[in-house]
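**Student:** how would this look folded up:
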Amino acid sequence: MFDANTDIVVVTNKVRKSLITPHLINVPYKMSFTPDYELPKGFDPKVKGLTHNHLGTYRCFKGHQLAIATSEKERVLIFEDDAVPKNPNWINVINKAIPLLDDFEMVSFHGRGYHTKDFKSTLKNYAYMQPIIKKTWIVAALAYLISRKSYEKIVSKQYEGVPFDLLLYWDLDYCVIANSPFIHDRSEGSLVD
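**Tutor:** Alright, predicted model coming up:
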């Protein structure tokens, strides 16, 4: 049984097949379809060098904000449409991790592109890692849980050239579940490429 005070929202678009939805048959969820946003007229990123495709990165950024804004509950679990469970007990992993929101603004269930030396490992309900210093590099917006108190902080941000993954990790206190219950299945392509 999934936590009743948590919305599940899948961030997707009308072009790609959602790979996570077949795994959500037994839990209530919402679909958030990202429109084909255009960059603001005269857009000049304040932060340069973090993406090679600002249009795709902007659409991803806005899509996550839109998905978070659809939640009406105490917490929201966001899935990108290319998240696929590798652990059949993924719901239990998420339910056990919910109390971590007492200590963090966000719990991520998947991370890649990071160095383990930049994180310390801890055990509380579940093994997790937290960054040793702020703005540690990690790419991990595939599956994450945030509380209502963090919604506005994220939804109000403007795109300045920082991909959404990094915005989350630079602006929120977070932890990453050490043994991800999900894989990132890129078979449907990427909005950013």
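**Student:** what residue ranges in this structure score low on pLDDT?
**Tutor:** Applying pLDDT under 70 to the chain flags the ranges 123-126, 191-193.
**Student:** switch to 80 and redo it
**Tutor:** By pLDDT under 80, the low-scoring segments of the chain are 1, 112-115, 119, 122-127, 133-140, 189-193.
**Student:** could you pull out the strands for it?
**Tutor:** Remark: strands assigned in the chain by DSSP state E are 6-12, 30-33, 75-80, 83-85, 106-108, 119-124, 126-131, 143-147, 174-177, 182-184.
**Student:** quick one: the closest residue to residue 98 other than its chain neighbours and residue 180, what's the gap?
**Tutor:** Nearest residue to residue 98 in three dimensions, chain neighbours excluded: residue 3, at 5.9 Å (Cβ to Cβ, 6 or more residues apart in numbering). To be clear about C-beta, it is placed using only N, CA and C from the backbone, and glycine gets the same treatment. From residue 3 across to residue 180, the span is 19 Å (Cβ to Cβ, to the nearest Å).
**Student:** neighbour-wise, which of the two wins?
**Tutor:** Using other Cβ atoms under 10 Å as the criterion, residue 3 and residue 180 rank with residue 180 on top: 22 against 17.
**Student:** look up the closest residue to that one, ignoring the ones flanking it.
**Tutor:** Nearest to residue 180 is residue 110, by Cβ to Cβ, 6+ apart, at 4.4 Å.
**Student:** ok, the residue nearest to residue 98 - contacts?
**Tutor:** Residue 3 sits next to 75, 94, 95, 98 when contact means Cβ atoms under 8 Å, 6 or more residues apart in numbering.
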